[in-house]
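**Student:** here's a sequence, model it:
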Amino acid sequence: MPINFQNILQNLTPWFLSHGVKIILILIGAWLINRIAKIFIAKLVKSFVGQTYKIRDGQALEKRSKTLTGVLGGAVGVIIWIMAGLMIISELGVNIGPLLALAGVAGLAFGFGGQYLIRDLISGLFIIVEDQYRVGDVACVADTCGLVEDINLRRTILRDLDGIVHHVPNGEIKKASNLSKGFSRVNLNVGIAYGSDLEKVIKVVNKVGQGLAEDPQWKKDILKPPQFLRVDDFADSAIIIKILGDTKPLRQWDVTGELRKRIKIAFDKEGIEIPFPQITVWPRGKWEK
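**Tutor:** All right, here's what the predicted structure looks like:
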């Protein structure tokens, strides 16, 4: 039996004019509301963060704003599209009352079995509210370290130095260490020979650190010049001295690498030895004579 497309079209036209147009308008409206809500949230968060965290630099404010905007925008987007979905289902002639009741029962059953998800959501809420770390920070969480690429209420995404992406449920995070919040620090131990003039070593180290801080290429990254702090240990083959200095967030590794290079060059020039483990063997016959 041939299909009568004209009859089908005649039957669909009234439905489309009465319901189809509404469905299209609901989708367009949901999309527009979602876009406007994200813009509004971004401006609101930026204003709130700027007033609340006045002591922070621009980079820290941007990280905090980006994190809060992503979380709040995502949550609002889910609510908007759920409401739009319910309105579309209603336009299709489906009674949403039983569906809502069924969703309530399913939610209750899920609540008993979704303890881990609830734990993740609560932990994520505290992480974000307490500003433990933000998108763009380098952090160590759940025995994994890396750049925070994304965070929401359920999970944190880290990318390590090898480029591996780690998805960490927030509920698994017992300890979070932020390596780039506020400022970072050069923490360098250097070994020198026991026969070295310690006062001379201190002067050379401080001169190198001050010179690095005044270098036009590096001074923008250094908040406090790396300087001698103390004699940290008497090791088997060397006296260990500790050098500390403050840098801008995420710049401590580059500054430390440049500092190592300059200290080695300066020590070679001043005749200061950086020792290595050695074993002295005394022939037994020498003592017998």
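**Student:** contacts, neighbours, all on C-alpha from now
**Tutor:** OK.
**Student:** list of residues touching the lengthiest strand in the chain?
**Tutor:** Among the elements of type strand in the chain, defined by DSSP state E, the one spanning the most residues is strand 222-234. With Cα atoms under 8 Å, 6 or more residues apart in numbering as the test, strand 222-234 has contacts from 186, 189, 202, 205-206, 209-210, 212-213, 239-248, 255.
**Student:** check which residues of stretch 133-143 are buried.
**Tutor:** Within stretch 133-143, the residues scored as buried using 16 or more other Cα atoms under 10 Å are 133-141.
**Student:** now swap in stretch 214-232 and tell me
**Tutor:** Residues of stretch 214-232 classed as buried under the neighbour-count rule (16+ other Cα under 10 Å) are 218-219, 221-222, 224-228, 231.
**Student:** quick one, strands of the stretch 151-289 of the chain?
**Tutor:** With DSSP state E, counting those that start in this stretch as the definition, the stretch 151-289 of the chain shows strands at residue ranges 155-159, 165-169, 176-178, 184-192, 222-234, 239-247.
**Student:** export the ones you listed as TSV, with columns for distance to residue 77.
**Tutor:** Rendered in TSV, the data for those read as follows (distance: least, Cα to Cα, whole Å):
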stretch	distance to residue 77
strand 155-159	18
strand 165-169	21
strand 176-178	28
strand 184-192	36
strand 222-234	41
strand 239-247	38
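**Student:** for the ones you listed, which one sits closest to residue 117?
**Tutor:** Across the strands of the stretch 151-289 of the chain, the minimum distance to residue 117, taken as Cα to Cα, is reached by strand 165-169, at 8.7 Å.
**Student:** what lines up beside the closest one in the sheet?
**Tutor:** Strand partners for strand 165-169, identified by DSSP bridges, are recorded as strand 155-159 (antiparallel).
**Student:** many thanks, I have nothing further to ask.
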